[in-house]
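> take a look and give me a structure for this.
(chains A and B)
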Number of protein chains: 2
Amino acid sequence: MTATAAPRNAQQTADDDVTLDAAALTPQLLGRWGHLRAFTREILKDEKFHKIEGLTKEEHRERVLGQLKALVTEGKVLRAFPERLGGGDEHGGSLAAFEELVAGDPSMQIKAGVQWGLFASAILHLGTPEQQDRLLPAAMTLETPGAFAMTEIGHGSDVASIATTATYDAETQEFVIHTPFRAAWKEYLGNAALHGQAAVVFAQLVTKGVNHGVHAFYVPVRERLADGSAGPLLPGVQSEDDGQKGGLNGIDNGRFAFDHVRVPRTDLLARYGYVAEDGTYSSPIESPGRRFFTMLGSLVQGRVSLDGAAVNAQKIALAIAVRYATERRQFPGAGGEETVLLDYGEHQRRLVPLVARTYAGLFAHAELLELFDDVFSGRNDTDESREDLETLAATLKPASTWTALSTIQTCREACGGAGFMAENRMTGLHADLDVYVTFEGDNTVLLQLVGKRLLADYAKKFKGIDAAGIARIAAERAADTVRYATPFGRALQKISDSGQAARKVAHLRGEEAQRALLTDRVETMVEEVADRLRPAQKLPDDKATALFNQHQHDLIEAAKAHADLVQWEAFTRALDAVTDDGNRTILTWLRDLYGLAVIEENLAWYLMHGRLTGERARMVSSYMTRLVGRLRPHVLGLTEAWGYAPEHLRAPIATGAEKVRQDEAIAYYRAQRASGDAPISEKALKRHAKKR
Amino acid sequence: MTATAAPRNAQQTADDDVTLDAAALTPQLLGRWGHLRAFTREILKDEKFHKIEGLTKEEHRERVLGQLKALVTEGKVLRAFPERLGGGDEHGGSLAAFEELVAGDPSMQIKAGVQWGLFASAILHLGTPEQQDRLLPAAMTLETPGAFAMTEIGHGSDVASIATTATYDAETQEFVIHTPFRAAWKEYLGNAALHGQAAVVFAQLVTKGVNHGVHAFYVPVRERLADGSAGPLLPGVQSEDDGQKGGLNGIDNGRFAFDHVRVPRTDLLARYGYVAEDGTYSSPIESPGRRFFTMLGSLVQGRVSLDGAAVNAQKIALAIAVRYATERRQFPGAGGEETVLLDYGEHQRRLVPLVARTYAGLFAHAELLELFDDVFSGRNDTDESREDLETLAATLKPASTWTALSTIQTCREACGGAGFMAENRMTGLHADLDVYVTFEGDNTVLLQLVGKRLLADYAKKFKGIDAAGIARIAAERAADTVRYATPFGRALQKISDSGQAARKVAHLRGEEAQRALLTDRVETMVEEVADRLRPAQKLPDDKATALFNQHQHDLIEAAKAHADLVQWEAFTRALDAVTDDGNRTILTWLRDLYGLAVIEENLAWYLMHGRLTGERARMVSSYMTRLVGRLRPHVLGLTEAWGYAPEHLRAPIATGAEKVRQDEAIAYYRAQRASGDAPISEKALKRHAKKR
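Got it, this is the predicted structure:
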């Protein structure tokens, strides 16, 4: 035995002594509102909440409507609403419980989101207390299923440009809701094709010849039949069915158009904008721009909850794929016995870093939910905290929804043909989650917002600086001594000199080295974009736009780097709360794996910017391989710690059926050999003949 | 105006003069069998061949069965079969036409593949002329729909380990087909759940106590009813339905088990293995291993045609997304008018490189198809050419099927909510193409085969070298002077010293520089893996396996790099055949963009290995941005050159409907402004008030 082998073996022995206590970990992973998550999961064990694959959209829509009705009575879904109306004034907890619904059927989750998270929430957040008292109860109880009519065919992410108008008619004290042309049809609305009896319609409010911008109106759209269900469309309202979609076919998405539909003056949701009887407009927010963003910002919970639901979908896919990978055998190994998939190097490399990334997403989401609760409970409701919340949601929602899609796809492929069977969940989750990356704010558009915020924070720091100062900064930057102050300290920790730290660290795996590398990247990318955009100030509009456009890609990349850092920091903070020694060791490996995976993905950047030498960079991949190997014995436990029951996973390949089949096959061959009846193989015969 | 600005403007003017002649390009893109592709496309214009989204699997299966029947009479689908049986002995052309079917409905394509490409082809390639004459006609005419029963639940990619047995009974001169345990059920077979009346069953052939390995047997499975349709299962045959899948639900996938089912001795498909009446086994191929791979190799056309179909699916998705991106407007630009999506930097960066990659895949597939035709026509049918064909198919099928999925997904996201509507094709194509990455050979398993071939070619070069020689090689390698001889010269061009060339080139965009960089990467990666695996020769089996496993990921990465190079070389060769000057210029830009995109994806590798300096590396991204900008005016034409008619694309967003809506909206606002009725915006009013 060589001298170098000894310490490695000692390390291996030490690694072998580390054990994961999954049960101890679960409560931390469920987080502050774990009891509410547990409550929802318990309810979801009932088959009636499970998605059935292969239903027609008509059957699926009926089933999901029934699920929503059952949720009203069994699901405690009204926690977010005011106590005086039977709710719980509980914001973070409400979302936590809501996010769990994805395990039953994403269509149920999103239709619940349409009803309570959008339609009823718009009344709650944009309405006056009088309007809440009058309109909320029927929305809360699903007596009035409602649509959230914001998006138009012609305008998806660009809400400010919608074309539907609400023109005040002082004579009758009514607003006239009107769709001026085809591109102004309200589009992709859940509850619009069939079930909706009312809608919150966003339109340009026009009174006394002035357009005061986008406001929300409560508009009945269908008659209510005697049995409570939706009847014919009301006069002036047109609707079309969106038909088959790529997923979420349990939701009756559709379109609305309004032909001079009149609603009473009092049904303008009037918290942020009011029209008096004579048509005089007033608002507590002077600036039309700020007013618009305040209204939209009050609906941030959609993005917050999609972040959580996406992480949950990832967990389900990984729990299934990892379980299968620990049982499925394929190709005989050295000893003749077939090898378990998770013992293949490539299979480990595909799945284990995804487990790490899912933990990062999970911890980051927990912080987002806390921030959301702080703001919406009023404990910390300032312009600044709202802006931080919106930025953090815009940061994490793209990261987690894209990660969910790629994770689910990798899991599906890692399960081979079995992964393509609908019963094993992957394909359905991918189809349903697909639209999460473009709805409630297209990911690319959201990341651009984040990028602009990063730029703004950067600019703030250097406000009022003169030309000489800028030249000095540029010189300093080249020497890597100017550091960009990271935004919203809550989400990021500033370190004093990340660039230098990155070069000094002895171990890439060290926490400080990872932080330095990740932070430095965000800071430098933002600096570089800011630098390149600087000439824009002096350019005419079209040239400035062209310049910005040229660097749009870089800005979005900077925002993605920021998201990675935010998740890494959340993961790191979460380590402090782990009390069990084994768990902390294993989660630290997992955090390191996540950090290294992010660094590996962006290795070219680190090399080009001189942050890593070629030699150091080559170590990243081998460190990862080593970490993946160390984590191998604990991967199943790490997915089990998410706490899903068989009723939540449901995939036949995650039930042990594969192992039963394998064991039966092994026993068969064993018995055959023992009986002496086994045919001898031609290959063996030929080998034998050669030897003779 | 500065001095540096002038040449750029001159360049821009020169660029503006370049025009694309899409119509002139189309014949080259359709390739050698363009007339057959055109024939199939013409047929596909008929609605009866179009996929209807949202059918139940029962309805969809019936529809696709009907489509196959129509193809028999209208589709000329029998070209690959012998002339004496009514076919055309036309191999490449048959696949070319077959690949086009994906535009109608991928389920139709794959069900046709099951019937003619697998079931009937197995009879053709594994049967004797007598068996062809006896069994082929009913398979060709669809009188006998058949299943291809190779895969078992317990063994997907590892066909050699299947457990179904065919034991010869000399007394009755029959084979007894038997499924010994649950894991040996035949699984995921098209035509198994409903329509199949026979199956080609792969089983371990046992006679006189010896297992001669996997052979194929013709096994009737269902009665034929008076109307020709499939009746009850025959005695001893069990079947189960796979139920709902992630896609391809027009195919009745299912399982078979056999309980001592007897077939006549003469129904062993006996081209490569024969059992005499007394049970004596004989084969024209002595080695059981080579025999096995020869039998499987004769079915390579599945992989070849999936490569082509995947590229076609990409083309359809991109043709739709690019058309939409040239019409859809979102967010007001500098001039007040809303900006077309394709004028956004990020949107260009997402779509244009995919168009380049699709061209690369298209040209590489054309070469694969030529090689396939050379081998299967007998013009160049040697062990070597067969091995090259199998390696090339195993190289390209993973590349194109993965690219298809990521391309379709990006297109779907680039179309926002509209991309999620089933009518716009993206989600259906993704769902249907999903399984292409794991069936007909799991992509990861195929790439490992390619990697092993690359290693073997490398080892061959250094065969018989002594220890001192190896040391010398290692030293030379460090100096970048030993070069790995690229395999199958047909697919690759060797260059003399790529490493040095890469450092010398003046322009990254130059063809030689790209070739040098891409080739060098493959060579070096293979060398490195070979180097690391060298100790394996002296290790015990389990340690050697562990060592291999540790480098499995690197080997697969080397195979992926090889695929990139093969596609790049095919693209480059294709440029020679472009006669129109404008077309050649534009396609050269496109080839450069593809080359640079591959280099950018692997930039870290080039930096770590000293092949690019940091400074040079930074230029890659800006070159790409510049190329994308240059290609911007031609992108629509480049997708139109693929020659699809509206009946093939079918997506409402690719019909100009978006432009009609936009124009209507613009006209409305123009008329409103002209009338003087337009409300003034509160924002403008406030700006105005401030100025006063």
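> next structured bit after the strand or helix carrying residue A:569?
Following DSSP states H and E, one finds residue A:569 within helix A:552-575. Next helix or strand after helix A:552-575 toward the C-terminus (DSSP H and E): helix A:581-601.
> for residue A:399, see how far away the residue nearest the centre of chain A is.
A centroid search over chain A (Cα atoms, centre = their mean) returns residue A:307, at 2.5 Å, as the residue closest to the centre. Computed with Cβ to Cβ, to the nearest Å, the distance linking residue A:307 and residue A:399 is 8 Å. Every C-beta, even on glycine, is put in place using the N, C-alpha and C of the backbone.
> do the same with residue A:349
Counting by Cβ to Cβ, the separation of residue A:349 from residue A:399 is 21 Å.
> now do the SS call for whichever residue of the stretch 301-450 of chain A sits closest to chain B.
Nearest residue of the stretch 301-450 of chain A to chain B (Cβ to the nearest Cβ) works out as residue A:427 at 2.6 Å. Look at residue A:427: counting by DSSP: H, G, I helix; E, B strand; the rest coil, its state is helix.
> tell me, what's touching residue A:307 and residue A:399 both at once?
Listed as contacting both residue A:307 and residue A:399 by Cβ atoms under 8 Å, 6 or more residues apart in numbering or on different chains are residue A:361.
> what about residue A:249, how many residues nearby?
A total of 25 residues lie near residue A:249 under the criterion other Cβ atoms under 10 Å in any protein chain shown.
> thought it was touching residue A:59?
No: proximity of residue A:249 to residue A:59 does not meet the contact threshold set by Cβ atoms under 8 Å, at 9.5 Å.
> which parts of the stretch 251-400 of chain A sit against chain B?
Contact residues, the stretch 251-400 of chain A versus chain B (Cβ under 8 Å from any Cβ of the partner chain): A:281, A:287-289, A:330-335, A:338, A:343-346, A:349.
> can you rerun that using 10 Å?
By Cβ under 10 Å from any Cβ of the partner chain, the residues of the stretch 251-400 of chain A that approach chain B are A:253, A:273, A:281, A:283, A:286-289, A:291-292, A:328-336, A:338-339, A:343-350.
> so how far is the helix holding residue A:569 off the chain centroid?
Using Cα atoms, centre = their mean, to the nearest Å, the mean C-alpha position of helix A:552-575 is found 14 Å from that of the whole chain.
> and it, average pLDDT?
For helix A:552-575, mean pLDDT rounds to 96.
> in it, which residues are buried?
Neighbour-count burial for helix A:552-575 flags A:552-572, A:574 (criterion: 16 or more other Cβ atoms under 10 Å in any protein chain shown).
> can I get that helix as CSV, trimmed to CA atoms?
Only the C-alpha atoms of helix A:552-575 are listed here, as CSV (Å, rounded to 0.1, in the frame of the first residue of the first chain):
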residue,chain,number,x,y,z
GLN,A,552,-29.5,42.8,-22.7
HIS,A,553,-28.1,39.3,-22.7
ASP,A,554,-25.3,40.3,-20.3
LEU,A,555,-27.7,42.0,-18.0
ILE,A,556,-29.9,38.9,-17.8
GLU,A,557,-26.8,36.7,-17.2
ALA,A,558,-25.9,39.0,-14.3
ALA,A,559,-29.4,38.5,-12.8
LYS,A,560,-29.0,34.7,-13.1
ALA,A,561,-25.7,34.9,-11.4
HIS,A,562,-27.4,36.9,-8.6
ALA,A,563,-30.0,34.2,-8.3
ASP,A,564,-27.4,31.5,-7.8
LEU,A,565,-25.7,33.6,-5.1
VAL,A,566,-29.0,34.3,-3.3
GLN,A,567,-29.7,30.5,-3.2
TRP,A,568,-26.2,29.7,-2.1
GLU,A,569,-26.4,32.2,0.8
ALA,A,570,-29.8,30.9,1.9
PHE,A,571,-28.4,27.3,1.9
THR,A,572,-25.4,28.5,3.9
ARG,A,573,-27.5,30.3,6.5
ALA,A,574,-29.7,27.2,6.8
LEU,A,575,-26.6,25.1,7.8
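> tell me what that helix is packed against?
The contact analysis (3 or more Cβ pairs under 10 Å, 6 or more residues apart in numbering or on different chains; DSSP states H and E) places helix A:552-575 against helix A:345-376, helix A:383-414, helix A:443-461, helix A:511-533, helix A:581-601, helix B:345-376, helix B:614-631.
> rerun at 8 Å
Judged by 3 or more Cβ pairs under 8 Å, 6 or more residues apart in numbering or on different chains; DSSP states H and E, helix A:552-575 is in contact with helix A:345-376, helix A:383-414, helix A:443-461, helix A:511-533, helix A:581-601, helix B:345-376.
> buried ones in the shortest one?
Of all the residues in helix A:443-461, those buried under the rule 16+ other Cβ under 10 Å are A:443-451, A:453-455, A:457-458.
> for burial, what's the neighbour tally of the residue lying closest to the residue of the stretch 301-450 of chain A closest to chain B once chain neighbours are set aside?
Leaving aside its chain neighbours, residue A:427 sits nearest to residue B:246 (2.6 Å; criterion: Cβ to Cβ, 6 or more residues apart in numbering or on different chains). Applying other Cβ under 10 Å, we find 24 residues neighbouring residue B:246.
> residue A:151 is in contact with residue A:163, correct?
No: counting by Cβ under 8 Å, residue A:163 does not reach residue A:151; the two are 11.8 Å apart.
> residue A:232: how many residues sit nearby?
9.
> that one and chain B: what is the separation?
25 Å (Cβ to the nearest Cβ, to the nearest Å).
> sec struct for that residue, please.
Under three-state DSSP, the three-state class of residue A:232 is strand.
> and residue A:380, by the same measure?
Classification of residue A:380 using three-state DSSP returns coil.
> nearest residue to it in space, please, no chain neighbours.
Closest residue to residue A:380 apart from its sequence neighbours, by Cβ to Cβ, 6+ apart: residue A:374 at 4.2 Å.
> would you agree that neighbour is in contact with residue A:386?
No: judged on Cβ under 8 Å, residue A:374 makes no contact with residue A:386 at a distance of 10.3 Å.
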